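Asker: Structure here, sequence nowhere to be found:
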């Protein structure tokens, strides 16, 4: 008797439970899909200083957020619209053969660092050494381009250029000492 009288309320409660279960299962499905099917790289660039020698350098990290490994064909830094390939430098610093693939395993990252002198080579000659937005990029074997901004590295390079330009301006404004004649 009670079931017959409250059939509408029971159907409403069961319908809400089914919709909730459907929503949770769709959320789980899309979360797993993004983990397995979508390859994402995360780029981090840090303005770093050596603890002992106090030399400044850029610490760069490329992390693989997916659960599939990604083989990289090219790693580099873009300064504005100009790309500088750092693949050979990365292979040299890590001791890889020049024909070896750079593979970032699932849920893992690769790290490397660039000295201030290596960063200065990222300034294009044709633009008078203009510093644009710096982006760390990677191209996989299929040709997909992944990139991310590295603002702290840009700050390191800008500070270095500012100090270098100030030293050059000071050198030009200081007059040469006069020689005494007797």
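Answerer: Yep, it's here. Remember, predicted model here, so these are calculated numbers, not experimental data.
Asker: Next one: residue 84 from residue 167, what distance?
Answerer: 25 Å (Cβ to Cβ, to the nearest Å). The way it works is simple: take the backbone N, C-alpha and C, and place the C-beta from them, glycine included.
Asker: Tell me which of those two has more neighbours.
Answerer: Each of residue 84 and residue 167 has its neighbours counted (other Cβ atoms under 10 Å); residue 84 has more, 16 against 10.
Asker: for the more buried one, what are its contacts?
Answerer: 76-78, 121-122 (Cβ atoms under 8 Å, 6 or more residues apart in numbering).
Asker: Is it located within a strand, as I assumed?
Answerer: Yes - looking at residue 84 with DSSP: H, G, I helix; E, B strand; the rest coil, it is inside a strand.
Asker: so where does the most centrally placed residue in the chain fall, helix or strand?
Answerer: Centroid-nearest residue in the chain: residue 43, 2.0 Å away (criterion: Cα atoms, centre = their mean). For residue 43, the host element (DSSP states H and E) is strand 41-49.
Asker: Other residues contacting the very next helix or strand once past that strand?
Answerer: Proceeding N to C from strand 41-49, the next assigned helix or strand is strand 56-64, under DSSP H and E. Strand 56-64 is contacted by residues 39-50, 70, 72, 75, 104-116, 119, 136, 138, 150, 152-153, 156-157, 160 when judged by Cβ under 8 Å, 6+ apart.
Asker: Which of those residues fall within helices?
Answerer: 116, 119, 152-153, 156-157, 160 (DSSP state H).
Asker: As JSON lines, the residues you listed with distance to residue 5 and pLDDT would be great.
Answerer: Converted to JSON lines, the ones in helices among the contacts of strand 56-64 look like this (distance: Cβ to Cβ, whole Å; pLDDT from 0 to 100):
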{"residue": "116", "distance to residue 5": "81", "pLDDT": "91"}
{"residue": "119", "distance to residue 5": "78", "pLDDT": "89"}
{"residue": "152", "distance to residue 5": "68", "pLDDT": "95"}
{"residue": "153", "distance to residue 5": "71", "pLDDT": "93"}
{"residue": "156", "distance to residue 5": "75", "pLDDT": "93"}
{"residue": "157", "distance to residue 5": "77", "pLDDT": "90"}
{"residue": "160", "distance to residue 5": "81", "pLDDT": "87"}
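Asker: for the residue nearest to the centre of the chain, what are its contacts?
Answerer: 60-63, 135-138, 146-150.
Asker: can you rerun that using 6 Å?
Answerer: Residues in contact with residue 43, defined by Cβ atoms under 6 Å, 6 or more residues apart in numbering, are 62, 136, 148.
Asker: still on that earlier bit, given the strand holding residue 43, what are its sheet partners and their directions?
Answerer: Using DSSP bridges, the strands paired with strand 41-49 are strand 56-64 (antiparallel).
Asker: rounded to a whole number, what's the mean pLDDT of the partner strand?
Answerer: In this model, strand 56-64 carries a mean pLDDT of 95.
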